[in-house]
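> pasting the sequence and the predicted model now:
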Amino acid sequence: MAERKPIESWLTDMDGVLMHEGIPVPGADAFIKRLRESGKPFLVLTNNSIYTPRDLHARLNRIGLDVPWESIWTSALATAQFLDDQRPGGTAYCIGEAGLTTALHDIGYVLTDHAPDYVVLGETRTYSFEALTKAIRLINDGARFIATNPDETGPSAEGALPATGSVAALITKATGVEPYFVGKPNPLMMRAGLNAIGAHSETSAMIGDRMDTDVLAGLEAGMETFLVLTGLTRPEEIERHPFRPSRVVDSIADLVDLV
């Protein structure tokens, strides 16, 4: 196997890598500090579309992780960029929170329930039956179906929460229409992020805690991949997948010296 080039830029997942249930993972602060001191371009990624980058900057800052908002890349931003590339100045019916609606407004999209170009589904804590019914009828009438990410569940202190992928499945069952998922593991999200920081996949690394999204997305984007064991993946689960990360480490603390 050809030897990879030195890592010049880093992409890292947020939940399960830098923080876990609102608490910083030991070593995360040292990793971010080393990244900022090195001057190497980096992005913190999340499939969660609820929050804007400024919201996430504030949330991370409160737990001692100083990540500039410009270095945060969400599935909502990736979705907005995709729609702007596909159909500039379009219209959308949006189910989601401020992270998604702000991203769509920022590209000049009009949010409407009158014959929109797209139905865009994102994360929200309050999925309403009325909104889902409206989305189903608009898709039946010809609106294209986009979802920010395929995650079926999300974490909470009380246990699993249904996430975008589960709600998308409900809409698909009712309409017969599959959504186009923009977020991880779609390599589109990774490539758009790399382009945003002027990085190249052959000299970039992806750090994540999930084989099915983080590692797969990094692999398909042509990046070096690191799996940390501080999130959702247990060691015995790694071998069940037909692909492997470049390296498995206990936590992000083990990667500080690689920056």
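Great, that's in hand.
> the host helix or strand of Thr225: how far from the chain's middle?
Applying DSSP states H and E as the criterion places Thr225 in strand 224-228. Centre-to-centre, strand 224-228 and its host chain are 16 Å apart (C-alpha atoms, centre = their mean, to the nearest Å).
> equivalent analysis for stretch 128-135, please.
Stretch 128-135 has its C-alpha centroid displaced from the chain centroid by 24 Å (C-alpha atoms, centre = their mean).
> identify the residues contacting the residue nearest the centre of the chain.
Most central in the chain under C-alpha atoms, centre = their mean is Asn47, positioned 2.4 Å from the mean C-alpha point. If you count contacts by C-beta atoms under 8 Å, 6 or more residues apart in numbering, Asn47 has them with 74-75, 148-149, 151, 183-184, 213. Any C-beta I mention is one placed from the backbone N, CA and C, and that applies to glycine too.
> now, which of these lie within strands?
Using DSSP state E, the members of the contacts of Asn47 that fall in strands are Thr74.
> most neighbours among the contacts of Asn47, which one is it?
The residue in the contacts of Asn47 with the most neighbours, by other C-beta atoms under 10 Å, is Thr148 (35 neighbours).
> quick one: residues contacting that one.
By C-beta under 8 Å, 6+ apart, the contact set of Thr148 is 47, 49, 75-76, 78-79, 96, 100, 120-123, 164, 181-183.
> name the nearest of the residues you listed relative to Lys134.
Each of the contacts of Thr148 was checked against Lys134 using C-beta to C-beta; the closest is Leu121, at 11.7 Å.
> and the helices in the stretch 51-200 of the chain?
53-62, 75-86, 98-106, 129-140, 164-175, 187-196 (DSSP state H, counting those that start in this stretch).
> number of residues surrounding the residue nearest to Ile23 when sequence neighbours are not counted?
Distance criterion C-beta to C-beta, 6 or more residues apart in numbering; nearest residue to Ile23, sequence neighbours excluded, is Ile63 at 6.8 Å. If you count neighbours by other C-beta under 10 Å, Ile63 ends up with 13.
> now stretch 85-102, how far from the centre of its chain.
Here stretch 85-102 is found 16 Å from its chain centre; the criterion is C-alpha atoms, centre = their mean.
> hang on, the earlier thing: buried deepest among the helices of the stretch 51-200 of the chain, which one?
Highest mean neighbour count among these (mean count of other C-beta atoms under 10 Å): helix 75-86, with a mean of 23.
> in this structure Met14 contacts Tyr51, no?
No. Contact between Met14 and Tyr51 fails when scored by C-beta atoms under 8 Å: they sit 10.2 Å apart.
> before we move on, back to that, nearest to Ile238, out of the helices of the stretch 51-200 of the chain?
When the helices of the stretch 51-200 of the chain are compared by C-beta to C-beta, helix 187-196 sits nearest Ile238, at 20.4 Å.
> just the CA atoms of the closest one, as PDB, please.
Written as PDB, here are the backbone C-alpha positions of helix 187-196 (Å, rounded to 0.1, in the frame of the first residue of the first chain):
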ATOM      1  CA  PRO A 187     -18.500  12.400   0.900                       C
ATOM      2  CA  LEU A 188     -20.000  15.500  -0.500                       C
ATOM      3  CA  MET A 189     -20.100  17.000   3.000                       C
ATOM      4  CA  MET A 190     -16.400  16.200   3.500                       C
ATOM      5  CA  ARG A 191     -15.300  17.500   0.100                       C
ATOM      6  CA  ALA A 192     -17.300  20.700   0.600                       C
ATOM      7  CA  GLY A 193     -15.600  21.200   4.000                       C
ATOM      8  CA  LEU A 194     -12.200  20.500   2.600                       C
ATOM      9  CA  ASN A 195     -12.800  23.100  -0.200                       C
ATOM     10  CA  ALA A 196     -14.000  25.600   2.400                       C
END
